[in-house]
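Asker: below is the sequence, then the predicted model.
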Amino acid sequence: MDIFPAIDLRDGKAVRLFQGDYDKMTVYGEDPVAIAASFREKGAENLHLVDLDGAKDGRLVNYDTISRIVKCVDMFVEVGGGIRDEERIRQYLDLGVGRVILGTVAVREPEFLADMVKKYGDKIAVGVDAKDGYVAVNGWKEITGERSFEFCLHLRDIGVKTVIYTDISKDGSLGGTNMEVYRKLKEIEGLDIVASGGISFMEEITELKDLVGAAILGKAIYSGALDLKKAVEAAR
């Protein structure tokens with residue numbers, strides 16, 4: 001299993017939100033490049049970046065920061081947040097980003113998603129954010145009538161290879177992840193699931209190894225609840 005430490009970017013800073021709430025934001029560092037480099041030193045080979053400004057209003061405030069991270073740190077980088085058109089996809093892929101994550105647009109514009117998957121293959125991932133088993137969009141503010149498990153099945157059927165699945169209620173809480181949902185998602189053959197949201201304990205890393213292809217670690221590594229180096233070693 002791969003480990004993806006996460007850096008959420010707002011105004012060029014590394015921050016964390018509590019359950020996606022922009023009013024509950026903690027700044028963890030002024031230099032995200034240095035944070036990414038420290039993750040690399042601890043053995044992480046992958047990095048999960050979220051452009052919170054892009055997710056909120058579509059602005060490319062953090063493009064230069066993302067560019068510096070990709071150029072300065074030898075890691076596989078995936079980026080999400082506000083990617084709503086092909087131009088933005090190309091901009092990131094041209095930078096050297098390994099994979100871009102589509103969220104709201106994947107739900108709202110299924111034809112666009114299918115076109116991008118056909119064109120870019122496994123460089124397109126979909127972020128499925130769920131609350132009570134239903135897909136959430138628009139920065140988690142709107143809960144749709146789309147059941148998250150069935151949506152993942154649909155994504156597999158149109159050729160999506162990777163889904164980053166987040167249980168919103170667990171995110172940023174340090175209370176553990178929704179292990180039950182990953183046991184269920186394992187049933188979907190041909191879809192690589194990335195676990196995200198609330199992973200806080202080494203026992204979870206051990207159990208997730210048998211369920212998913214990768215796990216994203218956020219607040220747990222910033223708060224010290226999880227040691228990134230040990231988590232990377234445990235996931236191997």
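Answerer: It's in.
Asker: residues in contact with residue 2?
Answerer: 45-46, 213-215, 235 (Cβ atoms under 8 Å, 6 or more residues apart in numbering). For glycine as for every other residue, the C-beta is placed from the backbone atoms N, C-alpha and C.
Asker: distance from the chain centre to stretch 30-48, please.
Answerer: Relative to its chain's centre, stretch 30-48 lies at 15 Å (Cα atoms, centre = their mean, to the nearest Å).
Asker: over to stretch 95-115?
Answerer: Relative to its chain's centre, stretch 95-115 lies at 13 Å (Cα atoms, centre = their mean).
Asker: top of the contacts of residue 2 by neighbour count?
Answerer: Neighbour counts for the contacts of residue 2 (other Cβ atoms under 10 Å) peak at residue 215, which has 25 neighbours.
Asker: re the thing from before, can you flag which of the contacts of residue 2 belong to strands?
Answerer: Applying DSSP state E to the contacts of residue 2, the entries found in strands are 46, 214-215.
Asker: out of the residues you listed, which is nearest to residue 195?
Answerer: residue 215 (4.5 Å; Cβ to Cβ).
Asker: just to check, the closest one is in contact with residue 235?
Answerer: Yes - between residue 215 and residue 235 there is a contact at 6.9 Å, judged by Cβ atoms under 8 Å.
Asker: joint contacts of the two?
Answerer: 1-3, 205, 208.
Asker: identify those among the residues you listed that sit within helices.
Answerer: Using DSSP state H, 205, 208 are the members of those that sit in helices.
Asker: redo the shared contacts of residue 215 and residue 235 as JSON lines? Include pLDDT.
Answerer: Shown next, in JSON lines, are the shared contacts of residue 215 and residue 235 (pLDDT from 0 to 100):
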{"residue": "1", "pLDDT": "98"}
{"residue": "2", "pLDDT": "98"}
{"residue": "3", "pLDDT": "98"}
{"residue": "205", "pLDDT": "97"}
{"residue": "208", "pLDDT": "98"}
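Asker: of the shared contacts of residue 215 and residue 235, which is the most crowded?
Answerer: Most crowded among those, counting by other Cβ under 10 Å, is residue 3 at 28 neighbours.
Asker: to which secondary structure element is the spatially closest residue to residue 153 that is not a sequence neighbour assigned?
Answerer: Spatially, and ignoring its direct neighbours in sequence, residue 153 is nearest to residue 188 (6.1 Å; Cβ to Cβ, 6 or more residues apart in numbering). Following DSSP states H and E, one finds residue 188 outside all helices and strands.
Asker: how about the contacts made by residue 188?
Answerer: Neighbouring residues of residue 188 by Cβ under 8 Å, 6+ apart: 152-153, 156.
Asker: point out where this structure drops to low pLDDT.
Answerer: Where the chain drops to pLDDT under 70, the residues are 19, 58.
Asker: in CSV: the ones in strands among the contacts of residue 2, plus distance to residue 128.
Answerer: As requested, the ones in strands among the contacts of residue 2 are exported to CSV (distance: Cβ to Cβ, whole Å):
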residue, distance to residue 128
46, 19
214, 14
215, 15
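Asker: just say helix, strand or coil for residue 145.
Answerer: Here residue 145 is recorded as strand under DSSP: H, G, I helix; E, B strand; the rest coil.
Asker: what sits against residue 199?
Answerer: So residue 199 contacts 176-177, 205, 208, 215-217, 220, 226 (Cβ under 8 Å, 6+ apart).
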